[in-house]
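Asks: sequence unknown, structure follows:
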């Protein structure tokens, strides 16, 4: 029998022919979206439904969730973020069965219940780069459902500031004979710039409402506590300054927001402007506006955008990557790669840390996923360029000799006791119990301990690079774990010896008086202050405008 080498192309053509009566050119009416998806998708297909960690193809998600389970069932969903209720409705209705994802955010609790109930077959919890890479190897979508700001009649798409995952999804799907359906906010005669060429887009639906974007990276300075300010002071004095960290990524959280807000004040008093925190892989955090306006920041490349920051970004093209139209061009895959290879430090929060420094955002009742933290918080062995921070970290880790290499700084910034008085430090990660309960071959660990270089709490800094052996590492972690069960079990003599060597550094060891950690250090103490710093260019989402 002669093999056909065009089976995928033939299958695509057959599907497009069935769906063609629903379209005028490439345009499909919003009321016909579910019918379109039922015509294009087959049971057991692999479908990428664009759920980023901010931008959501919400109209397409609702339309797919409304499909007839007798026609569409057992789909394999591959997507970055499980964010909307409709994303889980697909599994509850039997339309989807298997899931590969990276981040779950607001659906983290519901996802645990679905996994426990057996309605979801879990493929894996990926890092972003890992999932994107598999789109081109063994998780290539048959159908991709994406979101854009606008389209023209030829299907050219303008994705706007929140480009995020769209180019990667379309590239993998369109060039492997898959089908791409885009929901857009409007259809126009001419798009401001062509972010996705029309020959990669098969159908366009003008959605009834603009796609949803989560202001994920907005932190109100009014909610920053004095404990977080103290930890920010420790990080600046004990890590940023001695290592000379210029290229970095900040994770989500009030701790890193506090660092951003004290750069123009405490950082200035340390003489660090121009010496640290100049080049970033980072979403456009509003809390970084005072540092930008004070001349600290030279460049920022973004994973996605942030609601209300569009006007400010357009007015600061020297800082951000913008298109000829003036709006931000974000790209999660490129920025993840930049955060992995081009930065010298990742600093972010987690929910649990064990005695080896392994951390996870998976707890008994919550699976938040990982997002990009494992990429940002990994020491890339493929790196071949040097920097002051990278070389010093390697030397502290004991990497010496003619073939010595450096180390990326990976910092976990956590309060010893978190939400609902849950301790951040544990003897055993909850993720191990989850893996046993669900029969997972790999426990979901966000950042492995051998990548973590420092842990910062209100108690001080544990420099794990200087630890020699597992016992020292354990006592260093116990030494900054505070009045938790883990902290109370410390060996006081061992901890004192580690402090003497500089492995553990308390605030007083760094010349920091905890009484100085007040809100007066914040360059902005409210969202309204951030608006003032921006010259009125930043316009926050309604829920943050309390004036």
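Replies: Here it is on my side, so go on. Just so we're clear, the structure is a prediction, and the values are computed from it rather than from any experiment. Residues are numbered from 1 along each chain as shown.

Asks: May I see the buried residues of whichever helix in the chain runs longest?
Replies: Ranked by residue count and defined by DSSP state H, the top helix of the chain is helix 7-19. For helix 7-19, a neighbour-count test (16 or more other Cβ atoms under 10 Å) marks 12, 15, 19 as buried. In short, each C-beta sits where N, CA and C put it, glycine included.

Asks: Closest to residue 380 out of those?
Replies: The shortest approach to residue 380 among the buried residues of helix 7-19 belongs to residue 12, at 37.0 Å (Cβ to Cβ).

Asks: any idea how far the closest one lies from residue 202?
Replies: Here the criterion is Cβ to Cβ, to the nearest Å. By it, residue 12 lies 9 Å from residue 202.

Asks: if we can go back for a sec, determine the set of other helices and strands touching the longest helix of the chain.
Replies: Helices and strands touching helix 7-19, as assessed by 3 or more Cβ pairs under 8 Å, 6 or more residues apart in numbering; DSSP states H and E, comprise helix 33-40, strand 179-187.

Asks: Comparing the ones you listed, which comes out most buried?
Replies: Neighbour counts (mean count of other Cβ atoms under 10 Å) averaged over each of the helices and strands packed on helix 7-19 peak at strand 179-187, with a mean of 23.

Asks: Got the phi and psi for residue 484?
Replies: Residue 484 adopts backbone torsions of phi -110, psi 170, taken as degrees, to the nearest 10.

Asks: residues touching it, list them.
Replies: Residue 484 is in contact with 416, 417, 423, 424, 425, counting by Cβ atoms under 8 Å, 6 or more residues apart in numbering.

Asks: ok, those residues vs residue 506, which is closest?
Replies: Closest to residue 506, out of all of those and judged by Cβ to Cβ, is residue 416, at 13.7 Å.

Asks: Against residue 284, how distant is the residue nearest to that closest one when sequence neighbours are not counted?
Replies: Once flanking residues are discounted, residue 416 sits nearest to residue 482: 3.2 Å by Cβ to Cβ, 6 or more residues apart in numbering. Remark: distance between residue 482 and residue 284 (Cβ to Cβ) = 33 Å.

Asks: what's the helix or strand for residue 412?
Replies: Residue 412 belongs to strand 409-413 when assigned by DSSP states H and E.

Asks: packing partners for that strand?
Replies: With contacts taken as 3+ Cβ pairs under 8 Å, 6+ apart, strand 409-413 sits against helix 226-235, strand 345-348, strand 454-457.

Asks: Show me which positions of the next helix or strand after the first one end up buried.
Replies: Along the chain past helix 226-235, the next helix or strand (assigned with DSSP H and E) turns out to be helix 241-243. Along helix 241-243, these residues count as buried under the neighbour rule (16+ other Cβ under 10 Å): 241, 243.

Asks: So what's the predicted local confidence for residue 547?
Replies: You'll see residue 547 listed with a pLDDT of 76.

Asks: I'd say it and residue 532 touch.
Replies: No - at 11.0 Å, residue 547 does not count as touching residue 532 under the criterion of Cβ atoms under 8 Å.

Asks: higher neighbour count, these two?
Replies: More crowded of residue 547 and residue 532, by other Cβ atoms under 10 Å: residue 532, with 14 against 6.

Asks: what helix or strand does that one sit in?
Replies: If you go by DSSP H and E, residue 532 is part of helix 527-533.

Asks: what's the distance between that helix and the middle of its chain?
Replies: Its chain's average C-alpha position is 25 Å from that of helix 527-533, according to Cα atoms, centre = their mean, to the nearest Å.

Asks: Need the overlap of contacts for residue 12 and residue 202.
Replies: Taking Cβ under 8 Å, 6+ apart as the contact criterion, the residues that touch both residue 12 and residue 202 are residue 179.

Asks: Quick one, which of the helices and strands packed on strand 409-413 gets closest to residue 536.
Replies: Residue 536 sits nearest to helix 226-235 of all the helices and strands packed on strand 409-413, at 26.8 Å, using Cβ to Cβ.

Asks: what residues does the closest one touch?
Replies: Residues beyond helix 226-235 that count as contacts (Cβ under 8 Å, 6+ apart) turn out to be 254-255, 257-259, 261-262, 266, 347, 411, 413, 415, 456-458, 460-461, 505, 507, 510, 512, 514, 516-519, 521-522.

Asks: before we move on, back to that, and the longest helix of the chain, how far out from the chain's middle?
Replies: A distance of 35 Å separates the centroid of the chain from that of helix 7-19, by Cα atoms, centre = their mean.

Asks: check contacts around the nearest residue to residue 218 once chain neighbours are set aside.
Replies: Nearest non-adjacent residue to residue 218, counting by Cβ to Cβ, 6+ apart: residue 286, 5.7 Å away. Taking Cβ under 8 Å, 6+ apart as the contact definition, residue 286 lies against 217, 218, 219, 306, 308, 309, 527, 530, 534, 538, 540.

Asks: among the helices and strands packed on helix 7-19, which is nearest residue 383?
Replies: Residue 383 lies closest to strand 179-187 among the helices and strands packed on helix 7-19, at 34.5 Å (Cβ to Cβ).

Asks: Parallel or antiparallel, which strands does that closest one pair with?
Replies: Taking DSSP bridges as the criterion, strand 179-187 sits next to strand 143-151 (parallel), strand 203-206 (parallel) in its sheet.

Asks: what's in contact with the helix or strand following the last one?
Replies: Beyond strand 203-206 in the direction of the C-terminus, DSSP H and E gives the next helix or strand as strand 212-213. The list of residues contacting strand 212-213 from outside it, by Cβ under 8 Å, 6+ apart, reads 54, 55, 56, 58, 84, 162, 305, 307.

Asks: farthest-separated two in those residues?
Replies: Those two in the contacts of strand 212-213 that are separated most widely, counting by Cβ to Cβ, are 84 and 305, at 18.7 Å.

Asks: which of these two has more neighbours?
Replies: Of the pair residue 84 and residue 305, residue 305 is the one with more neighbours under other Cβ under 10 Å, namely 26 against 20.

Asks: still on that earlier bit, grab the two from the contacts of residue 484 that are most spread out in space.
Replies: Using Cβ to Cβ for every pair in the contacts of residue 484, the one that comes out farthest apart is 417 and 425, at 9.2 Å.

Asks: Mind jotting down where the helices sit in the stretch 351-500 of the chain?
Replies: Read by DSSP state H, counting those that start in this stretch, the stretch 351-500 of the chain holds these helices, from start to end of the chain: 373-376, 388-396, 430-438, 470-479, 485-488, 492-501.

Asks: buried stuff in the fourth one?
Replies: Read that as helix 470-479. For helix 470-479, the buried set under the neighbour-count rule, 16+ other Cβ under 10 Å, comprises 472, 473, 474, 475, 476, 477, 478, 479.

Asks: now swap in the second one and tell me
Replies: Applying a neighbour-count criterion of 16+ other Cβ under 10 Å, the buried positions in helix 388-396 are 389, 390, 391, 392, 393, 394, 396.

Asks: How about the fifth one: what's its closest non-neighbour residue?
Replies: Setting aside the residues directly before and after it, residue 393 is nearest to residue 407 in space (Cβ to Cβ, 6+ apart), at 3.8 Å.

Asks: Check the burial of the one you found by counting its neighbours.
Replies: Taking other Cβ under 10 Å as the definition, residue 407 ends up with a neighbour count of 21.

Asks: That one contacts residue 389, doesn't it?
Replies: No - contact between residue 407 and residue 389 fails when scored by Cβ under 8 Å: they sit 9.1 Å apart.

Asks: and the next element down the chain from the longest helix of the chain?
Replies: Along the chain past helix 7-19, the next helix or strand (assigned with DSSP H and E) turns out to be strand 23-24.

Asks: Over that next one, what's the mean pLDDT, rounded is fine.
Replies: Mean pLDDT, strand 23-24: 97.

Asks: what distance separates it from the centre of its chain?
Replies: The chain centre lies 37 Å from the centre of strand 23-24; the measure is Cα atoms, centre = their mean.

Asks: repeat for stretch 475-486
Replies: The chain centroid and the centroid of stretch 475-486 are separated by 28 Å, computed with Cα atoms, centre = their mean.

Asks: what about that stretch, average pLDDT?
Replies: On average, the pLDDT along stretch 475-486 is 97.
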